[in-house]
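K.L.:
How does the following fold in three dimensions:
(chains A and B)
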Amino acid sequence: AQSVTQLGSHVSVSEGALVLLRCNYSSSVPPYLFWYVQYPNQGLQLLLKYTSAATLVKGINGFEAEFKKSETSFHLTKPSAHMSDAAEYFCAAMKNQGGKLIFGQGTELSVKP
Amino acid sequence: EAGVVQSPRYKIIEKKQPVAFWCNPISGHNTLYWYLQNLGQGPELLIRYENEEAVDDSQLPKDRFSAERLKGVDSTLKIQPAELGDSAVYLCASSWGQGGDQPQHFGDGTRLSIL
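P.N.:
Predicted coordinates for the structure are as follows:
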């Protein structure tokens, strides 16, 4: 069965530092991949998605992610963290056109001043 | 455009009582999803609708959970009777189609607390 693993349930960075949130998927067929952000007491907001058009995907708020098939990874990065980036981040995968998103456990990002 | 609207935002009930959640998807979105999000975890799909048809309800505990999407627009999710373990956030999402190139848009969720 397809699964998504996010390494690190909590990541803390200083403001202005690089943000790196890790995500690995398990699938023999590269799925569609997504990163969502969730602020407290809110729903999930789409940051970016990979749909096989390009391996480096740019999203909103300065985030980007790189699809690496050889590593079955889809890590999320941002060059310079901002206080407003503090939130929960979820990686998700969808196999083919099934419509069902499989989410990772989430990574809570804290940004220190 | 207006986003996915869910109500109520919060609900507190005693165990064994019934409860219902309502979702209004983005206008024109024919696919609607209900997800369950336990504390500290990612959402898990409960049921997916294509228009008014439930096309994937394999994860819905049918002994106590039910859902409907009359006329293929709004949807309700019901729990009867509620159990302590049902305390969670219930998220509704919608999309135009079910493919991976059609992102799912989420509402703010209903936070359910069972006493």
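K.L.:
Sticking with residue A:46, tell me its helix or strand.
P.N.:
Under the criterion of DSSP states H and E, residue A:46 resides in strand A:44-50.
K.L.:
what lines up beside that strand in the sheet?
P.N.:
Sheet pairing here is set by DSSP bridges, and for strand A:44-50 it gives strand A:32-38 (antiparallel).
K.L.:
quick one: the partner strand to chain centroid distance?
P.N.:
5 Å (CA atoms, centre = their mean, to the nearest Å).
K.L.:
my read: residue B:19 touches residue B:79, true?
P.N.:
Yes. Under the criterion of CB atoms under 8 Å, residue B:19 makes contact with residue B:79 at 5.2 Å. Where C-beta positions appear, they are placed from N, C-alpha and C, glycine not excepted.
K.L.:
Identify the residues contacting the residue positioned nearest the centre of chain A.
P.N.:
Closest to where the C-alpha atoms of chain A average out (CA atoms, centre = their mean) is residue A:35, at 3.6 Å. Shown in contact with residue A:35 (CB atoms under 8 Å, 6 or more residues apart in numbering or on different chains): A:21, A:23, A:46-49, A:59, A:63, A:65, A:74, A:76, A:89-92.
K.L.:
ok, now how distant is it from chain B?
P.N.:
11 Å (CB to the nearest CB, to the nearest Å).
K.L.:
returning to what we had before: generate a ChimeraX selection restricted to the buried subset of the contacts of residue A:35.
P.N.:
Buried members of these, defined by 16 or more other CB atoms under 10 Å in any protein chain shown, are picked up in ChimeraX with:
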select /A:21,23,46,47,48,49,59,63,65,74,76,89,90,91,92
